[in-house]
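Enquirer: A predicted structure for the sequence below; I have some questions about it.
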Amino acid sequence: MIQSIRWYLMLAGCTNDTPHDYHCNLGPDGRRRDADERPELCRGTVEFVASKEYMVRDPMPAVFFFLIDVSMKAIQTGATAAACSAINQVIADLPEGPRTMVGIATFDSTIHFYNLKRALQQPLMLIVPDVQDVYTPLQSDVVVQLSECRQHLELLLEIIPTMFQESRTAESAFGAAVQVCQFMQGKCITVHQVCYSNRKGKEVEYEYSECEAHFVFV
């Protein structure tokens, strides 16, 4: 800042006039008196929310799609229950505005989608057995507004571990399940316990002893 009326741009090596409404007197130390009150002057990084006049289109919705492993090992080790509990805590902190969208799918040897539409009495499971050519069984209602499905979503996360507790399916169609993400516009969070099949879902040999539970963020 040069006498508070001009400012120096270090990247370009030039000076510019300070806008009248941004003018502020300098203190005895040569700093602006409001320097500590303006984030852009005292912080390393600053995020500005762009107003509509700076946008060429409406903002994209914030989409969160969760893929949860419900194969036998994931159920037996508690990974599925832990994932459902963690997701329940996460969605509690998500804003409920019209732009926040969520969806859930589970997988073992097949992929299970869930219709979370509020008009239904409870979430509806839709199974896709063909992991060679994966598809979404619904054109809509797989991903819905969080504000409209929070109750169904919380119920589903509560019952998923018990729904599959008797499962004896050791195979994992994780590769095919991840392909589902190509139909989603947003962030896909996957949780899987066992080594997975190749990207087309074809079974391959693997050793459980070489695998461990971990989170994969796509």
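Expert: Done, it's in. Residues are numbered from 1 along each chain as shown.
Enquirer: do you know how far the nearest residue to R32 once chain neighbours are set aside is from G186?
Expert: Nearest residue to R32, sequence neighbours excluded (C-beta to C-beta, 6 or more residues apart in numbering): C24, at 4.7 Å. Using the backbone N, CA and C atoms, a C-beta is placed for each residue, glycine as well. The gap separating C24 from G186 is 41 Å, by C-beta to C-beta, to the nearest Å.
Enquirer: tell me the contacts of D69?
Expert: 79-80, 83, 106-108, 172, 174, 191-194 (C-beta atoms under 8 Å, 6 or more residues apart in numbering).
Enquirer: if we go to 10 Å?
Expert: 75, 79-80, 83, 106-108, 164, 172-174, 177, 190-194, 196, 213 (C-beta atoms under 10 Å, 6 or more residues apart in numbering).
Enquirer: just the buried members of those?
Expert: Neighbour-count burial (16 or more other C-beta atoms under 10 Å) applied to the contacts of D69 gives 75, 79-80, 83, 106-108, 164, 172-174, 177, 190-194, 196, 213.
Enquirer: now the lengthiest helix in the chain, how far from the centre of its chain.
Expert: Taking DSSP state H as the criterion, the chain has its longest helix at helix 146-163. With C-alpha atoms, centre = their mean, to the nearest Å as the basis, helix 146-163 stands 17 Å off its chain's centre.
Enquirer: and that helix, what does it pack against?
Expert: Packed against helix 146-163, as judged by 3 or more C-beta pairs under 10 Å, 6 or more residues apart in numbering; DSSP states H and E, are the following elements: strand 62-69, helix 72-77, helix 79-92, strand 100-107, strand 111-115, strand 124-128.
Enquirer: cutoff 6 Å now
Expert: Using 3 or more C-beta pairs under 6 Å, 6 or more residues apart in numbering; DSSP states H and E, the elements in contact with helix 146-163 are helix 79-92.
Enquirer: was I right about R118 contacting R150?
Expert: No - in this structure R118 lies outside contact range of R150 using C-beta atoms under 6 Å: 9.2 Å.
Enquirer: the more surrounded of the two?
Expert: R150 (17 against 13; other C-beta atoms under 10 Å).
Enquirer: just the pLDDT for the more buried one.
Expert: Turning to R150, the model gives it a pLDDT of 86.
Enquirer: the one 10 residues further on too?
Expert: On pLDDT, I160 comes in at 93.
Enquirer: any low-confidence regions in this structure?
Expert: Counting by pLDDT under 70, the chain has low-confidence residues at 1-4, 46, 139, 194-218.
Enquirer: again, only using 80
Expert: Across the chain, the ranges flagged by pLDDT under 80 are 1-13, 43-50, 52, 58-60, 95-98, 118-119, 133-142, 172, 180-186, 192-218.
Enquirer: which SS class is the residue of the chain most remote from its centre?
Expert: Centroid-distance maximum for the chain: P28 at 48.4 Å, with C-alpha atoms, centre = their mean. With DSSP: H, G, I helix; E, B strand; the rest coil as the basis, P28 sits in coil.
Enquirer: adjust the sequence numbering to begin at 515 for everything that follows.
Expert: Okay, using 515 as the starting number, the last item reads as P542.
Enquirer: gap between it and D548?
Expert: Distance from P542 to D548, by C-beta to C-beta: 15 Å.
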